[in-house]
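[1] what's the 3D shape of this:
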Amino acid sequence: ITSVAPGSQAETTGIAVGDIVVAYAGKQTPDFPTLNAAVSAAEGKVRILLHRAGREVSVEVQKGRIGVSLVPVVEGTPGTPLPKATVTELDFSSLVDRPRDSWFAFYRGGERSGFARIRAQYINHRLIVLTEEVFEDETGIMDHEVTCVTTADGIPVLRMTAFRDRMNDWERFGTACPCGDDKFRWTVISRGPGSDDEIFQVQVGVGVIPAYMMETLASFMPREEGACLRFTPLLEGSGRTWLPGALVCVKTEKVMVGGQETPAWRFEWRTLGMPEPAAIYWLDGAGDVLRIQSGEIVVERTTADDVKKGQPESVIAR
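    Prediction:
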């Protein structure tokens, strides 16, 4: 368990960050599919068995959302510490004269499966807008717009993010307002066809950044070995945060882009306690992202013309 929402069932029953879910309603939970099946089959009050610092703890909750974020635990994996931060400010000065537009193609198993445009835009000395538009065959998302607003004093601070899935007529908005003690109150409104607005609030730290903007933030970091930006990922407007992470500039190396070897800086998104990077980003000397590797998904930089040639007729490029 990586976070517990204030006022949730988890908080009131004493569930804590670091607890490991061993069983739900009497069923062992070795992985997410098994846990999801146990949650779906349960009724009324259920008992959750937790592993906490070498001992087992049992709590009783009502079936349904209890207010925690989870990541899988790999048995026998040593806890991997994060490197110390060396970067607290990002250099957005390259955006003053022009927005930065980047076009990318997605590949799964070597087959092309979608594309994206990412724009970073300077509004004024305190405001940067980051926008990501995606079409992904695998998930059926079309024109999924993501906008993250941060202060531009060099220190990235989450202000607002909005999601829109035009294919499925679904949208979600999140806004962050300071509420003291270096915390923000994150208010989320979800809207979908045929349903009332769903509104919920959670508190998040100042260092929280949307997980999908890591590749954009890497492009404004120093390109020097050992440069490290620490953060906590916020998962797509849900208000849930993941394990603390770091963006680290590792080294220079050559990477395949468009079938050719290209010199690049290698950045890694490292996650607390995980042995492998969550994602790897390769950037050129100007800070433009060339290639991304995240699990089975490979993302390669391309051109607007290439994207327009490969997109479905139902999608209008803009």
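[2] Please identify the residue most distant from the middle of the protein.
    Distance from the centre of the chain peaks at Gly44, with 32.6 Å (Cα atoms, centre = their mean).
[3] wait, that residue sits on Gln62?
    Yes - Gly44 is within contact range of Gln62, at 7.3 Å (criterion: Cβ atoms under 8 Å). Heads up, the C-betas are built off the backbone N, CA and C, glycines and all.
[4] In the chain, what residue spans correspond to helices?
    9-12, 32-41, 214-218, 304-310 (DSSP state H).
[5] in the stretch 151-300 of the chain, which segments are predicted with low confidence?
    Applying pLDDT under 70 to the stretch 151-300 of the chain flags the ranges 152, 236-239, 273.
[6] ok, now which ones touch the nearest residue to the residue farthest from the centre of the chain once chain neighbours are set aside?
    Sequence neighbours aside, Lys63 is the residue nearest to Gly44 in space, at 6.3 Å (criterion: Cβ to Cβ, 6 or more residues apart in numbering). With contacts defined as Cβ atoms under 8 Å, 6 or more residues apart in numbering, the neighbours of Lys63 are Val39, Ala42, Glu43, Gly44, Lys45, Val46.
[7] Need phi/psi at Lys63.
    phi -60, psi 140 (degrees, to the nearest 10).
[8] tell me the centre residue of the chain?
    Centrality entry for the chain: nearest residue to the mean C-alpha point is Ala211, 1.9 Å, by Cα atoms, centre = their mean.
[9] right, and that residue touches Thr241 too?
    No - between Ala211 and Thr241 there is no contact under Cβ under 8 Å: 9.3 Å.
[10] Between those two, which contacts overlap?
    Both Ala211 and Thr241 are contacted by Pro233, Leu234, Leu235, under the criterion Cβ under 8 Å, 6+ apart.
[11] nearest to Gly14, of those residues?
    Checking the shared contacts of Ala211 and Thr241 against Gly14 with Cβ to Cβ, the nearest one is Leu235 at 23.9 Å.
[12] residue contacts, the closest one?
    Contacts for Leu235 were tallied using Cβ under 8 Å, 6+ apart; they are Ser69, Ala211, Thr241, Trp242.
[13] beta partners for the closest residue to the last one other than its chain neighbours?
    Closest residue to Trp242 in three dimensions, ignoring its sequence neighbours and counting by Cβ to Cβ, 6+ apart: Pro233, at 4.3 Å. Taking DSSP bridges, one obtains Ile209 as the residues bridged to Pro233.
[14] where's Pro233 relative to Thr241, distance?
    7 Å (Cβ to Cβ, to the nearest Å).
[15] Please, where are all the strands along the stretch 201-318 of the chain?
    208-210, 228-234, 245-257, 260-271, 279-283, 289-294, 297-302 (DSSP state E, counting those that start in this stretch).
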